[in-house]
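Visitor: Quick one, what's the 3D model for this:
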Amino acid sequence: MKCKQHLETYLRENHTSFLTQHHPIAYTAQEIAASEHVPGKMVVKVVMVMADGNLAMLAVSAPAHVNFMKAKNVLHAKEVMLVKEEEFAGAFPDSEVGAMPPFGNLYDLPVYVDSKLAEDDRIVMQTGTPTDTLSMKYADFERLVKPKVADLTGPR
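Guide: Next comes the predicted model:
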């Protein structure tokens, strides 16, 4: 099953409302925001990191930058490094590389959400392709994923 269908099935099984949108190819969260005419702060950018040898998913708003010192503290790690796409592609076999949704729970990965993203009522995310997105209430996302919410962004 492809990521989009897997995610939609999961949301329906959990009685969660969502809207899907199809748009021209967009590879970055900022491009998605522009294509969908929504503020970048609503669009989830997934950043994959290695924390002391363990893969973790960070979810931040499109214009934000992960502050790796903050991430180290939040993840209780001595070392947190950005992971190249080819290094984590195997963790998301049903998704195009770089287009995975922030549902790390579906891939046995911990999810950390930046507190600024958690302030929005609705969030927009990719669904495994560079042409499809899904929007849903942040509260529903938090209920299903159970991420750790913390301050992860700021100056590089």
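Visitor: can you give me the end-to-end distance of stretch 80-89?
Guide: 18 Å (Cα to Cα, to the nearest Å).
Visitor: Please read the previous query as pertaining to stretch 91-105.
Guide: Stretch 91-105: ends 12 Å apart by Cα to Cα.
Visitor: Give me the contact list for it.
Guide: The contact list for stretch 91-105, computed with Cβ atoms under 8 Å, 6 or more residues apart in numbering, reads 1-3, 6-7, 10, 27, 44, 46, 55-57, 59, 85-86, 89, 107, 109-111, 113, 125-130, 134, 141, 144-147. Bear in mind the C-beta positions are built from the backbone N, C-alpha and C, glycine included.
Visitor: same check, this time on stretch 138-151
Guide: Residues outside stretch 138-151 that contact it (Cβ under 8 Å, 6+ apart) are 10-11, 14, 16-18, 59, 70, 74, 102-105, 110-118, 120-123.
Visitor: Do me a favour and get the end-to-end distance for that stretch?
Guide: Start-to-end, stretch 138-151 (Cα to Cα) is 16 Å.
Visitor: max-length helix in the chain?
Guide: If you go by DSSP state H, the chain has its longest helix at helix 3-13.
Visitor: Following element in sequence after that helix, please.
Guide: Remark: after helix 3-13, the chain's next helix or strand is strand 19-22, criterion DSSP states H and E.
Visitor: hey, C-alpha coordinates of the helix or strand following that following strand in CSV?
Guide: The C-terminal neighbour of strand 19-22 among helices and strands, as given by DSSP H and E, is helix 29-36. C-alpha atoms of helix 29-36 as CSV (Å, rounded to 0.1, in the frame of the first residue of the first chain):
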residue,chain,number,x,y,z
ALA,A,29,7.7,22.8,2.4
GLN,A,30,7.9,26.4,1.3
GLU,A,31,7.0,25.5,-2.3
ILE,A,32,4.0,23.5,-0.9
ALA,A,33,2.9,26.5,1.1
ALA,A,34,3.1,28.7,-2.0
SER,A,35,1.3,26.2,-4.2
GLU,A,36,-1.5,25.7,-1.7
